[in-house]
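with the sequence up front, the predicted model follows.
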Amino acid sequence: MLMKILGQNIRFGKSLSERDEKVIWHPLTQHKTAAPLKAIKKAKGVWLEDEDGKQYIDAISSWYTSMYGHCNSKIRKAVSKQMEKLDQVVFSGFTHEPAVELAEKLLEILPQNQAKLFFNDNGSTATEIGIKMALQYHHNQGHKRHVMLALEEGFHGDTFGAMSVSGLSVYNGAFEKHFIEVIRLPKPVGYNNDEVINLLQQWIETYEIAGFIYEPLVQGAAGMKTYSKAGLEDILKLCKLNDIICIADEVMTGFGKTGKTFASQYMQTSPDVICLSKALSAGMVPMGITSCSQKIYDAFYDDELSKGLFHGHTYTGNPLACAAALASIKLLQSEEIQQQIKNIMSWHQSFAIQLKQHPKIAEVRQIGMILAFDLSVKMERYGSLRNELYDYFMQKGIFLRPLGNTIYILTPFVIKKEEMQQVYDSILSCVEEVI
Ligand SMILES: *Cc1c(COP(=O)(O)O)cnc(C)c1O
């Protein structure tokens with residue numbers, strides 16, 4: 001009884017952060033130099049609450065997953081209803097309604113050339129499978145193509161294939177010897193478009209290129225870096241002409257974030273393969289999906305067993321994840337969310353004008369719901385800047401994860417105007433007080 005009244009902290013004499021330090025190894029963390037990690041106790045809508053009761057606006061939607069707000073009641077209800085019916089079943093040998101329904105629904109909203117869906121667990125596996133599809137597509141037809149083409153600074157995940165094609169692999173030294181062969185094309189940014197396409201033409205004659213993987217129009221982990229639509233269009237056309245499988249990694253850009261349902265819908269040339277995760281299941285349950293065109297599927301469809309795609313994860317097609325994804329897509333298509341996307345885009349447009357006039361701010365870029373800019377600071381400050389910025393925003397009750405000198409906002413669709421204003425105000429005051 002006494003313990004119940006006094007609560008967890010008293011019972012164990014320690015905070016969650018302290019208990020965590022004893023037993024947990026966190027992702028992307030050097031524990032020797034990292035500050036103790038804050039414990040989040042609950043979340044609702046755009047708000048996160050830590051164990052001391054302090055609240056934060058989740059201005060990056062927990063890595064662009066919780067786009068409909070945390071603990072969204074509609075998604076929660078759909079998952080909970082599914083839980084009473086079918087929780088999990090082997091997806092190799094069985095199928096089930098939530099998966100079939102989700103596949104049908106996704107094919108309605110994906111670019112029209114997409115024909116088949118391959119279920120998996122997360123963004124890295126979604127791209128890993130995309131890479132395997134490209135390599136085996138050629139292998140099955142007896143082509144000797146083994147090289148992957150990627151864009152400089154791209155990020156596609158942390159499994160081996162995904163890590164190989166990622167250009168941001170500064171911490172991957174221990175694994176580099178085991179990478180698949182990759183050539184990295186500079187991003188077309190307008191003035192260099194012709195150079196990039198000429199280089200690609202040369203490479204096509206030199207290398208046995210199987211596939212091209214890219215984040216369409218904006219590279220997330222690189223710092224929300226946008227690049228030339230016309231340049232990408234030319235690359236895709238040239239790849240298609242040479243039977244290089246085009247793999248759009250829409251793990252970050254998918255589901256409304258760029259102002260269209262998928263960033264690939266800004267392009268005339270549709271990719272052969274599309275990788276999905278993150279907002280797919282709205283932060284409720286993990287899930288990844290790799291979709292492909294009929295052409296890809298047909299290259300695996302054979303009397304010979306070994307021509308199939310022998311890749312599978314135990315939780316593939318998990319019914320609860322499917323239910324979460326279905327409920328999310330329904331929300332995305334609702335008038336309310338569509339209106340919110342328009343609202344946020346217009347708020348960002350006005351704020352971007354203000355940012356562009358600021359002497360300490362450079363490279364303001366916006367695509368749909370994504371707003372990013374760089375701080376003009378001396379190189380010497382780069383090392384400590386990220387943590388200074390992070391701490392400043394957290395103290396103001398705003399959860400942002402600056403990348404080097406880049407600050408980006410990608411809030412849940414459901415954010416209210418006054419909450420967005422709090423995010424904007426914290427950015428303006430940060431630039432004054434920290435820079
Ligand atoms: C996050 C991300 C991934 C990796 O997804 P995980 O679920 O973290 O493995 C891959 N590609 C892009 C573009 C991403 O943003």
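Thanks, I have the structure now. From a predicted model like this one, the values you see are computed outputs, not experimental measurements.

partner strands of the one helix or strand residue 373 maps to, parallel or antiparallel?
For residue 373, the element it lies in under DSSP states H and E is strand 370-375. Here strand 370-375 is paired, per DSSP bridges, with strand 361-367 (antiparallel), strand 406-409 (antiparallel).

for those, which one ends up most surrounded?
The highest average neighbour count among these, using mean count of other C-beta atoms under 10 Å, belongs to strand 406-409 at a mean of 22. No exception for glycine: its C-beta is placed from N, CA and C like everyone else's.

I'd like the average pLDDT over the helix or strand where residue 418 lies.
Assigned by DSSP H and E, residue 418 belongs to helix 417-434. Averaging pLDDT along helix 417-434 yields 97.

that helix relative to strand 361-367, how many degrees between them?
160 degrees (axes from the mean of the first three to the mean of the last three C-alpha atoms, to 10 degrees).

next, the buried residues of helix 417-434.
For helix 417-434, burial by neighbour count (16 or more other C-beta atoms under 10 Å) applies to 419, 420, 422, 423, 424, 426, 427, 430, 431, 434.

equivalent analysis for stretch 324-342, please.
324, 325, 326, 327, 328, 329, 331, 332, 337, 340, 341.

phi, psi for the second one please.
When read as degrees, to the nearest 10, the backbone of residue 325 gives phi -70, psi -40.

all strands of the stretch 101-250 of the chain, in order?
Listed in chain order, the strands found in the stretch 101-250 of the chain under DSSP state E, counting those that start in this stretch are 114-120, 147-151, 182-185, 209-214, 218-219, 225-226, 245-249.

turn these into CSV, including mean pLDDT.
Output for these, formatted as CSV (pLDDT from 0 to 100):
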stretch, mean pLDDT
strand 114-120, 98
strand 147-151, 98
strand 182-185, 97
strand 209-214, 98
strand 218-219, 98
strand 225-226, 98
strand 245-249, 99
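
which residue does this protein have closest to the ligand?
residue 123 (2.0 Å; C-beta to the nearest ligand atom).

quick check: that residue touching residue 278?
Yes - the criterion here is C-beta atoms under 8 Å, and residue 123 meets it with residue 278 at 6.0 Å.

now for these two: what residues contact both?
Here residue 123 and residue 278 have residue 251 as joint contacts, going by C-beta atoms under 8 Å, 6 or more residues apart in numbering.

quick check: mean pLDDT across stretch 316-326?
On average, the pLDDT along stretch 316-326 is 98.

is any residue of that stretch near the ligand?
No - judged by C-beta under 6 Å from any ligand atom, stretch 316-326 makes no contact with the ligand; its nearest approach is 12.6 Å.

again with stretch 145-163
Yes - part of stretch 145-163 sits near the ligand under the criterion C-beta under 6 Å from any ligand atom, namely 155, 156, 157.

could you dump those into a markdown table with neighbour count and pLDDT added?
Below are the residues of stretch 145-163 next to the ligand laid out as a markdown table (neighbours: other C-beta atoms under 10 Å; pLDDT from 0 to 100):
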| residue | neighbour count | pLDDT |
| --- | --- | --- |
| 155 | 24 | 97 |
| 156 | 31 | 97 |
| 157 | 24 | 96 |
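
helices or strands up against the longest helix along the chain?
The longest helix of the chain (DSSP state H) is helix 335-356. If contacts are counted by 3 or more C-beta pairs under 8 Å, 6 or more residues apart in numbering; DSSP states H and E, helix 335-356 sits against strand 361-367, strand 370-375, helix 417-434.

any idea how far the last one is from the chain center?
If you compare the mean C-alpha spot of helix 417-434 with that of the full chain, they lie 24 Å apart, counting by C-alpha atoms, centre = their mean, to the nearest Å.

which strands and helices sit next to it?
With contacts taken as 3+ C-beta pairs under 8 Å, 6+ apart, helix 417-434 sits against strand 55-58, helix 335-356, helix 382-395, strand 398-399, strand 406-409.

any idea of the angle it forms with helix 335-356?
Orientation of helix 417-434 against helix 335-356 (the same axes, to 10 degrees) gives an angle of 20 degrees.

just the CA trace of helix 417-434, in CSV.
Taking Å, rounded to 0.1, in the frame of the first residue of the first chain, the C-alpha atoms of helix 417-434 are listed here in CSV:
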residue,chain,number,x,y,z
LYS,A,417,-1.7,26.2,-34.9
GLU,A,418,-0.8,27.5,-31.4
GLU,A,419,1.4,24.4,-30.8
MET,A,420,3.2,24.9,-34.1
GLN,A,421,3.7,28.5,-33.1
GLN,A,422,5.4,27.3,-29.9
VAL,A,423,7.8,25.3,-32.1
TYR,A,424,8.5,28.3,-34.3
ASP,A,425,9.0,30.7,-31.3
SER,A,426,11.4,28.2,-29.7
ILE,A,427,13.4,28.2,-33.0
LEU,A,428,13.6,32.0,-33.2
SER,A,429,14.6,32.4,-29.6
CYS,A,430,17.1,29.6,-30.0
VAL,A,431,18.8,31.3,-32.9
GLU,A,432,19.1,34.5,-30.8
GLU,A,433,20.2,32.8,-27.5
VAL,A,434,22.4,29.9,-28.7
